[in-house]
Structures are given as C-alpha cells and as structure tokens.
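Asker: Let me see the structure of the following:
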Amino acid sequence: MIDNPDGRPVVLVVDDAPSSLGVLCETLESSGYTVLVACDGETALRCLALATPDIILMDALMPGMSGFDACRHIKSDLATKHIPLIFMTGLSDTSHVLEGFACGGVDYVVKPVCAPEVLARLHTHLGNARVARFALDAIDVSGLGVVMLDQQGVISWCSPCARQLLMQSGIRQDALILPRFWWDGDSNMELVASIAEPAGASLLVRNMGSAGMDEIMLQLELSSNRMLPTGRLASAALTLRETEVLSWLAKGKTNRDIGDILQLSPRTVSKHLEHIFEKLGVETCSAAVAMASAQENADARRTSGKWLP
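Answerer: Just a heads-up that it's a prediction; the model follows:
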C-alpha cells in the first residue's frame, strides 16, 4: 500500500530493467511524484490490485507479458481503464507506435528517455486526467449515473455512481454487457427499465439514445429522493444536455471535441460547464470535488454508522 500523506501524484513505472531508469525515478521524486516500480507486466497488474496510481509509464517490450498486453488488461478493467498510460519504448516503427495507441496508450517516449520530456508529458496527461476526474465527480454529485455503450451493448465507460447503482441491482462490476432491452431501441430519453431495490427504492434506466461516436448513453437514477444527495446538492440536478457534456469531458474530450460530437460550438460547451458549477454554488472544479467528497463521506457514515476520516 502507498504511504503518501502529502497527496503527491503517484506514477507507476513498469520496466524489466528498472535500474536503468534510476535518473528518471530520482527526477520524478524530486519533482513531486511518488514513484512505484514494477519489473514486469504481471507484477504491475498485482500492484494495481492494491493501489491506483495517477498515471503509468510502461515499457513496451518485456519478458513474459509485454507492455502492450499489460495495457490491454488495464484498459479492459473498469476500475483501472481511466488511468493514462504512456509507453516507454526503443521501438519507433510506425506499426509499434500504432499498436501502443490501439491498445489504450495515450502517448509514448523513445528510449533512452529524456527526463524533462517525460515530466512535460506527465504534466499534460495528468492535467487532462484531472479534468476528467472533476467531470466524474460533478456527474455523481447530480445524483445520476451515466453509462456509455457501444453498438453491441458493451460498456465502454461507466461513471462511479452508475457502477455503484448497477452493483446494488445485482449486476456485477465486471459485467461488460447490459441487458439488450435497455439499449436496443431508437427512442431517445425512453424509460426502459425499473428495478426494485431491497431498500424500497427503484433503479430507473433511461435510454438517452445516440451520444455520438457510435455510442449509446444510458442514464441511471434511484426513484427515492431520500437516496439522492441532500442540502445544496439536492437542487443541483443537471439537465440531460449538461450530463451529456460532462460524460464526454470525463472521457478526456476537449471542449472542441465535445462540440464536434454533439454539434455544439466550443463556446456553448463552455457555457454548459459554467451553468453546472453555478448550480452547485461553487466557482471552481476543486470546490465541486470537495463538496462531492463531503457528501460521499456523510452518506457512508449514515449507512455504516461509523465515522470515516
């Protein structure tokens, strides 16, 4: 487990010859990162079962499981697929570069690595991931869960709130395909399911229709208001369009990308985001996240009867 009391960004470095990366690891530590090291793909996956880093630096070619295969495992798990992964490789052939992106990598650096270049790339991708995390928190603050499916009904993205609601309804966290009648329809905003919960509430599943990029959006929520956030959060429900914008932002899309997908101008996308934080009564993403965390801890204390730090 990570001893990281200062909340430093955590980077997992995966390389079969970690001693060759001594200068890089020292530079990362001195630049404010907590560094974890794994010597192969299997060890990296075991590490991810214990701790979730903010970003991963992965060697492409290693004995046993290659970095490409390890990346595929990471991206197939809903609990880890959001972690940005940068490949470190001595391979500069176009075919290898394309394979790195195809299996889920966000970037690559060529060995021997240049520490300042790696730091710059880490900074950029961590910033993008932080924006995505803010969007996830804002979606969950609204009391709604959002699920993105491909045209075969396979989950391509799932917000934390949606994952929790699915598990409460008896659908395993590792289940990748949802019931066909939930998504195989043409009607936007159609209520397709109502599942009774043990606590007396019902899970409502609404088919929001196509969300661009050949994906389908489902909206999940509980019918019982007492299960939703209270106080200021109760009046912060997002509109359907705002939820849609946030879902794409949470997937790492820029305002311009979202505008292209939803056929909106980047300025309109920005206005939607402004309205979201205005509804929350905050001025920054960080404040929204703090509000969400406070509500999450309060709900957990009421549920368990225990005080959580």
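Asker: From now on I want contacts and neighbour counts done on CA atoms only, so please keep to that.
Answerer: Fine.
Asker: Backbone dihedrals for Gly145, please?
Answerer: Backbone torsions of Gly145, given as degrees, to the nearest 10, read phi -110, psi 140.
Asker: List the residues that contact it.
Answerer: Ile139, Cys158, Ser159, Pro160, Cys161, Ala162, Arg163, Leu165, Gln219, Leu220, Glu221 (C-alpha atoms under 8 Å, 6 or more residues apart in numbering).
Asker: Give me the below-cutoff pLDDT ranges for the stretch 201-309 of the chain.
Answerer: 211-213, 224-238, 240, 250-252, 276-309 (pLDDT under 70).
Asker: Return a ChimeraX selection command for the buried portion of the contacts of Gly145.
Answerer: To isolate in ChimeraX the members of the contacts of Gly145 that are buried, counting by 16 or more other C-alpha atoms under 10 Å, one can use:
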select :139,158,159,160,161,162,163,165,219,220,221
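Asker: Now do the same contact list for Leu178.
Answerer: Contacts of Leu178 by C-alpha under 8 Å, 6+ apart are Gly153, Val154, Ile155.
Asker: okay, now the second one: neighbour count?
Answerer: When neighbours are defined as other C-alpha atoms under 10 Å, Val154 has 17 of them.
Asker: Just give the nearest non-adjacent residue to it, would you?
Answerer: Once flanking residues are discounted, Val154 sits nearest to Ile177: 4.5 Å by C-alpha to C-alpha, 6 or more residues apart in numbering.
Asker: Leu28: how many residues sit nearby?
Answerer: 21.
Asker: next one: Leu246
Answerer: 27.
Asker: What separation is there between it and Gly145?
Answerer: Leu246 sits 12 Å away from Gly145, taking C-alpha to C-alpha, to the nearest Å as the criterion.
Asker: tell me which residues in stretch 10-26 are buried?
Answerer: In stretch 10-26, counting by 16+ other C-alpha under 10 Å, buried: Val10, Val11, Leu12, Val13, Val14, Asp15, Asp16, Pro18, Leu24, Cys25.
Asker: Contacts for stretch 64-72 next, please.
Answerer: Contacts for stretch 64-72 (C-alpha under 8 Å, 6+ apart): 40-42, 44-45, 58-61, 85, 87, 99-100, 103-105.
Asker: Sorry, slip of the keys, the one I care about is stretch 95-105.
Answerer: Contacts of stretch 95-105 (C-alpha under 8 Å, 6+ apart): 60, 68-69, 71-72, 75, 84-87, 91, 107-108.
Asker: In ChimeraX, select just the buried ones from the residues you listed.
Answerer: Selection of the buried residues among the contacts of stretch 95-105 in ChimeraX, burial being defined by 16+ other C-alpha under 10 Å:
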select :60,68,69,71,72,75,84,85,86,87,107,108
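Asker: if we can go back for a sec, could you single out the nearest of the contacts of Gly145 to Val205?
Answerer: Closest to Val205 out of the contacts of Gly145 is Leu220 (4.9 Å), distances taken as C-alpha to C-alpha.
Asker: Sitting in strands, which of the contacts of Gly145 do you find?
Answerer: Cys158, Gln219, Leu220, Glu221 (DSSP state E).
Asker: how about CSV for the residues you listed, with distance to Ser31 added?
Answerer: As requested, these are exported to CSV (distance: C-alpha to C-alpha, whole Å):
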residue, distance to Ser31
Cys158, 33
Gln219, 41
Leu220, 41
Glu221, 42
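Asker: Of the contacts of stretch 64-72, which belong to helices?
Answerer: Among the contacts of stretch 64-72, the ones falling in helices (DSSP state H) are Gly41, Glu42, Ala44, Leu45, Glu99, Gly100.
Asker: Now do the biggest strand by length in the chain: which elements does it pack against?
Answerer: Taking DSSP E as the assignment, the strand of the chain that covers the most residues is strand 202-210. Here strand 202-210 touches helix 180-183, strand 190-196, strand 216-222, going by 3 or more C-alpha pairs under 8 Å, 6 or more residues apart in numbering; DSSP states H and E.
Asker: Given that strand, what are its sheet partners and their directions?
Answerer: Partners of strand 202-210 in the sheet, by DSSP bridges, are strand 190-196 (antiparallel), strand 216-222 (antiparallel).
Asker: If you count neighbours, what's buried in it?
Answerer: Ser202, Leu203, Leu204, Val205, Arg206, Asn207, Met208, Gly209, Ser210.
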